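# pasting a predicted model and its sequence here:
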Amino acid sequence: MEPDNVGKRLKAFREKRDMTLRALAAKAGVPQSTLSMVETGARPGEGLRLVTVKRLCWALGVGIGELAGPLDEEIQPAA
């Protein structure tokens, strides 16, 4: 399964800061397994709790909007 856009951005921000999953998990206080599942697509990043997103943003030094991305990115056009 492919990660959603939040998972892709999470991995990109983490790698840009040269952080391991373990280091980010420890700094953010989020289980390493959760981060791994979001980055691999086993769990949707867009379903993370707000408190988890806030902790990740703090640990990565990014804003919530940067991690979440633009709203129109997730909206699918009506058929």
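Perfect, I can see it now.

# every contact and neighbour count from this point should use C-alpha atoms.
Will do.

# in the protein, which residue is most central in space?
Leu10 (3.7 Å; CA atoms, centre = their mean).

# ok now do that one, which residues does it touch?
Applying CA atoms under 8 Å, 6 or more residues apart in numbering, one finds that Leu10 lies in contact with 39, 67.

# restricting to C-alpha, output the worst-scoring helix or strand of the chain on mean pLDDT in CSV.
The helix or strand of the chain with the poorest confidence is helix 64-68; it has a mean of 94 (mean pLDDT, DSSP states H and E). Output of helix 64-68 as CSV, limited to C-alpha atoms (Å, rounded to 0.1, in the frame of the first residue of the first chain):
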residue,chain,number,x,y,z
ILE,A,64,0.8,21.9,10.8
GLY,A,65,-0.1,23.2,7.4
GLU,A,66,3.3,22.1,6.1
LEU,A,67,2.7,18.5,7.3
ALA,A,68,-1.0,18.4,6.4
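
# not counting its own residues, what contacts that helix?
Under CA under 8 Å, 6+ apart, the answer for helix 64-68 is 5-6, 9-10, 46, 53-54, 57.
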